[in-house]
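>>> Build the 3D model from these lines:
(one chain, ligands or ions: 1)
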Amino acid sequence: MDSNTGQIGGMSLRAKVFRSRLSETDQICARCLLRLKRTRTIRRPFSVSRSPNEANEAISANSKLEKLLRKEYFSANGSLDSSKAQWQRQTLSNQVTEATRPAIPEDASTTTLGAYPQSQPLPETLNGSSELPHRRRKRIKDEASAEAPFPLDASSRLSTLSSTMPATSLRRLVTTCLALSKPRLSFLIVLTTATAYSLYPVPALLLPSTTTSSSLSALTLIFLTSGTALCCASANALNMLLEPKYDAQMSRTRNRPLVRGLIGKKGASIFAAAAGALGVGSLWFGVNPTVAFLGGLNIILYAGVYTPMKRISVLNTWAGAIVGGIPPLMGWTAAAGQSATGSGEWRELLFGEGSVGGWLLAGLLFAWQFPHFNSLSWPIREEYKNAGYRMLVWTNARMNGRVALRYAILCFPICAGLWWFQITDQGFLLTSSIVNAWMVKEAWRFWRKEGHKGSARGLFWASVWHLPVVMVLAMVHKKGLWEGIWKRLNGESEDEDLWMDDEEVQNRARDSEGHPLRVARGLSSSGA
Ligand SMILES: CC(C)=CCC/C(C)=C/CC/C(C)=C/COP(=O)(O)OP(=O)(O)O
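Residues are numbered from 1 along each chain as shown. Below you'll find the model as predicted:
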């Protein structure tokens, strides 16, 4: 459609609406009149061409209306200023409404001109008449959302839900405890633990067909995941117990259970202690002592080191990244404990031959947290500053972007390491590189734009997708997985060249001093 026709058409349509109302204007207040005008403008249907006569009528009707809106006319009730401010605020949301509506075949200036008093200059964003409509809608939407904070976390949502339940109900207690556990974060952590467990290369001598016990047992996996989840719940509840005063000052966290008084400090402490004891206990008895030690240590690191450090030094993010890196190491160590041929003590599980995979996965989680956290904190940097948290995002914004970029790049060699050390196949090298490249691209933009122009949001969402996708890719591309499936489908036995005879097993199994160990075929979780 001709843009001029559209412009005139749009105006004439508005004029019809307002003409019928003009007689009422001397009986209603300024606010109502403004609202009336706005409402009509928002609901304006798609442009319809009108004759030049109708267009002229429209222009004169509109200018009559504008006269009615003059400051002098309303100065008696003094509402114009506030109406104008409200109008300006509304304009932003109108722009978003415009952006999400079906295509309006008018140019930018006609679309919003009716919603703006003529005395006000047009915002720059509305002047781009040469811009294509879909581009304009996307830009307006992006601009509106670029600076907005990210959605509330799961704890805050659960707190809201909990507050709607009867005060003494069990459901409310359970929901509140769930909110104390930061369930989304805990789920992600358990996922990284389980992934590491499943990626551990099971030695051929432990394949189910040769042993009376299962290789990597499902029962151990259940203990590992539930124990880790309980440890996370404990660590998160302690974290909330230590900072309700600060959580209350931040939009993202001010809805949490302790801030809202949904549970008292005593109740939260009992929950944290019980979850911690149960979690470490499950890991000790159901997995192995080394994993239980890592779980307990991580609770202390998170609640005792990271949480207070948030108000002392920007290095807190590095401390937090270590906390995030430990869970995959726990998963790897749990699997290593099952297939240990030596004594199965912590030195062998954590630093023995084959432990490199666990450290690489821990490194991946460590590195990932910087693009994730540095972008997440960007829209709320002022809140962090006002609440007294020392975060790179407000102490040194340039460095915040640089650090996010550096660690995003570091994900490349770490993923390559997983292939190099034969934990994953070549396919992972390729597919993970694509996902890593996407995160690096967003991190590059985040650094260049210093978080502005939606770059923080772009990196945040890239990081949110990056981690689960890379974890799934690693499992899909686990070394030997597809060959094994293929052989089984073809009825072939598993890698015969990998079988070791008893003598070879005896030769390989040695204690820390190098003395041969007696190894039974029914070897199970020797580390437990
Ligand atoms: C096994 C075990 C104990 C695992 C614990 C893993 C764990 C809790 C990792 C969290 C990592 C981290 C730095 C979160 C941000 O906390 P924050 O205080 O900045 O978050 P907030 O602002 O949302 O409270």
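
>>> Count the residues that sit near the residue of the stretch 251-400 of the chain found nearest the ligand.
Ranked by Cβ to the nearest ligand atom, the top residue of the stretch 251-400 of the chain for proximity to the ligand is G320, at 2.7 Å. C-beta here means a position set from N, CA and C on the backbone, and glycine is covered the same way. Using other Cβ atoms under 10 Å, G320 has 21 neighbouring residues.

>>> swap in the one 5 residues further on?
Other residues within reach of G325 by the criterion other Cβ under 10 Å amount to 21.

>>> can you tell me which residues contact it?
G325 makes contact with A362, G363, L365, F366, according to Cβ atoms under 8 Å, 6 or more residues apart in numbering.

>>> residues from this protein in reach of the ligand?
189, 228, 231-232, 235-236, 239, 253, 295, 298-299, 302, 306, 320, 323-324, 327 (Cβ under 6 Å from any ligand atom).

>>> Are any of these buried, and if so which?
189, 228, 231-232, 235-236, 239, 253, 295, 298-299, 302, 306, 320, 323-324, 327 (16 or more other Cβ atoms under 10 Å).

>>> ok, which stretches of the stretch 351-500 of the chain are helices?
356-376, 381-387, 392-395, 397-420, 426-448, 455-476, 481-489 (DSSP state H, counting those that start in this stretch).

>>> hey, which of these is tucked in deepest?
Greatest average neighbour count among the helices of the stretch 351-500 of the chain goes to helix 356-376 (a mean of 24), per mean count of other Cβ atoms under 10 Å.

>>> Please, which helix or strand holds the nearest residue to L180 once chain neighbours are set aside?
If the residues on either side of it in the chain are set aside, L180 comes closest to A237, at 4.2 Å by Cβ to Cβ, 6 or more residues apart in numbering. Using DSSP states H and E, A237 sits within helix 218-242.

>>> In terms of secondary structure, what does that helix contact?
helix 170-180, helix 183-199, helix 257-260, helix 265-286, helix 289-300, helix 307-309, helix 316-338 (3 or more Cβ pairs under 8 Å, 6 or more residues apart in numbering; DSSP states H and E).

>>> who touches stretch 419-432?
Counting by Cβ under 8 Å, 6+ apart, 199, 201, 356-357, 360, 411, 415-416, 418, 470, 473-474, 476-482 sit against stretch 419-432.

>>> Likewise for stretch 225-234?
Taking Cβ under 8 Å, 6+ apart as the rule, stretch 225-234 contacts 177, 180-182, 185-186, 189-190, 193-194, 271-273, 275-276, 278-283, 286-287, 291-292, 295-296, 298-299, 327, 330-331.

>>> can you do 6 Å?
Stretch 225-234 has contacts (Cβ atoms under 6 Å, 6 or more residues apart in numbering) with 181, 186, 189-190, 193-194, 272, 275-276, 278-279, 282-283, 295, 299.

>>> among those, which two are most distant?
Maximum pairwise distance among the contacts of stretch 225-234 (Cβ to Cβ): 23.3 Å, between A194 and A272.

>>> if you count what's nearby, which of these two comes out ahead?
A272 (24 against 20).

>>> From the ligand, how far off is the spatially closest residue to the more buried one that is not a sequence neighbour?
Closest residue to A272 apart from its sequence neighbours, by Cβ to Cβ, 6+ apart: A237 at 3.8 Å. In this view, A237 and the ligand are 10 Å apart by Cβ to the nearest ligand atom, to the nearest Å.

>>> show me what contacts A237?
Per Cβ under 6 Å, 6+ apart, neighbours of A237: L180, A268, F271, A272.

>>> Recalculate using a threshold of 8 Å.
A237 makes contacts with C177, L180, S181, A268, F271, A272, A275, as judged by Cβ under 8 Å, 6+ apart.

>>> Scan the residues you listed and report the most crowded one.
L180 (29 neighbours).

>>> Would you agree that one is in contact with I270?
No: between L180 and I270 there is no contact under Cβ atoms under 8 Å: 10.9 Å.

>>> pLDDT score for L126?
Model confidence at L126, given as pLDDT, is 45.

>>> now do the one 4 residues further on
Each residue has a pLDDT score; the one for S130 is 70.

>>> Check whether it sits in a helix, strand or coil.
coil (DSSP: H, G, I helix; E, B strand; the rest coil).

>>> contacting residues for V190?
T225, T228, A229, C232, P327.

>>> Which single one of the residues you listed is nearest to K141?
C232 (35.8 Å).

>>> where's the closest one relative to R172, distance?
22 Å (Cβ to Cβ, to the nearest Å).

>>> Also L349?
42 Å.

>>> quick one: which of these two has more around it?
A side-by-side neighbour count of L349 and R172, using other Cβ under 10 Å, places L349 first with 28 against 18.

>>> With adjacent residues omitted, what lies nearest to I222?
Per Cβ to Cβ, 6+ apart, closest to I222 is G286, 7.5 Å.

>>> I'd say that neighbour and F223 touch.
Yes: G286 lies in contact with F223 (Cβ under 8 Å); the separation is 2.6 Å.

>>> Excluding residues flanking it in the chain, which one is nearest R402?
Using Cβ to Cβ, 6+ apart, the closest residue to R402 is W447 (5.9 Å).
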